[in-house]
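Sequence first, predicted coordinates after that:
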Amino acid sequence: MKISVQYLVLLVLIIFVSCGPSDEDKARVKIDLAKNLLAKNDTAEAIRQLDSIPKLYPEAMYSANAAKNLLQEVRFEVMQRKEAELDSVEVQVAELEKSFVKEKTEFDRYSQYTHKRQTFTRAWDRSYIQVHLDERGELYLSSNYHGENWLNHTGLRVYDSGDDAKTDTIPIGSVDNHRSDFMEAKWEKVSYRNGKDNGVIEFIANNVDRNLKAVFLGNEYYYIILETYDKEAVRDALALSKAIKKRNKLQQEIKALGQKINIQQ
């Protein structure tokens, strides 16, 4: 009896496939890989490997269940670590908040933090740089001019000894470029939102101990030396902003982990 070459090749392939590793074997390899990753503290990749097993190997019922149980343990441990980290950040936020007045008026969508050295009663009649922060951790800077003549300023440069940072330009007529006058006094306020401070906030916060100067850039230039308490206000607001955003991120991550392991938050 003659067997065709094609039939023989097909038969060999069938035998080879049938004798290959099963879904259970492949899934166990994934589980071992995940355990090795956990030993190396690569938790995120370990979770990814374990999470992929039911999709990749649908017939590996035993290994899929083992992977699920291990995933629960890993996620629970991660959640505990994040909860401990959140406790630490909450303490940091509470400590930083002591330098601010927090309030929400009928015109505010979110509660606002005002540094105690930059409240209206302390700052209405001077030219200075003000920092603004809300309960979400969103931060921006404004340049506030008070004088006898209009500057029509549209930007700000902060500098010292050859180092400087400069804001983007906020044109006259923009919603973030305000002006008003009363009697002989002129007020101009330019707000640099959505990153338009262009690194000025970080520059001030990182150089509080330096003799920083600022120039209001417009039709006329106006120079000031930054007060120590204004520099400290920027530094404190940036630190609080980062802490609030970190707290919010941790809270979201803990909630998501709790939902995955069926723990009510």
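Now that the structure is in, tell me what you want to look at. Numbering: from 1, shown residues only.

And the strands in the stretch 51-200 of the chain?
Remark: strands assigned in the stretch 51-200 of the chain by DSSP state E, counting those that start in this stretch are 100-103, 112-115, 128-134, 139-147, 155-160, 163-166, 177-182, 185-192.

For the fifth one, buried residues please.
In other words, strand 155-160. 155-158 (16 or more other CB atoms under 10 Å). Using the backbone N, CA and C atoms, a C-beta is placed for each residue, glycine as well.

Please apply the same query to the fourth one.
For strand 139-147, the neighbour count (16+ other CB under 10 Å) marks 139-145, 147 as buried.

Next one: the closest residue to L141 other than its chain neighbours relative to D176, how far apart?
Closest residue to L141 apart from its sequence neighbours, by CB to CB, 6 or more residues apart in numbering: D197 at 4.4 Å. As for D197, its distance to D176 is 11 Å (criterion: CB to CB, to the nearest Å).

which of those two has more neighbours?
Relative neighbour count places D197 above the other of D197 and D176, with 27 against 15, counting by other CB atoms under 10 Å.

separation between the more buried one and V131?
Taking CB to CB, one finds D197 at 9 Å from V131.

same question, I261
40 Å.

Pick out whichever of these two has more residues nearby.
The neighbour comparison of I261 against V131 (other CB under 10 Å) goes to V131, with 26 against 14.

isn't that one right up against A237?
Yes - assessed by CB atoms under 8 Å, V131 is found in contact with A237 at 4.2 Å.

shared neighbours of the two, anything?
Counting by CB atoms under 8 Å, 6 or more residues apart in numbering, the shared contacts of V131 and A237 are 115, 139.

what residues are shared contacts of D197 and V131?
Contact criterion CB under 8 Å, 6+ apart; residues shared by D197 and V131: 140-141.

what are the ranges of the helices in this structure?
In the chain, the helices defined using DSSP state H lie at 5-18, 23-39, 43-56, 61-97, 120-123, 200-205, 228-260.

For F182, find the nearest of these.
helix 120-123 (14.9 Å; CB to CB).

so what's E97 closest to, chain neighbours aside?
E97's closest residue in space is L240 (CB to CB, 6+ apart), at 6.8 Å.

Would you quantify the distance from the one you found to L250?
According to CB to CB, L240 and L250 sit 16 Å apart.

For the two, indicate the residue with more neighbours.
More neighbours surround L240 than the other of L240 and L250, with 23 against 18 (other CB under 10 Å).
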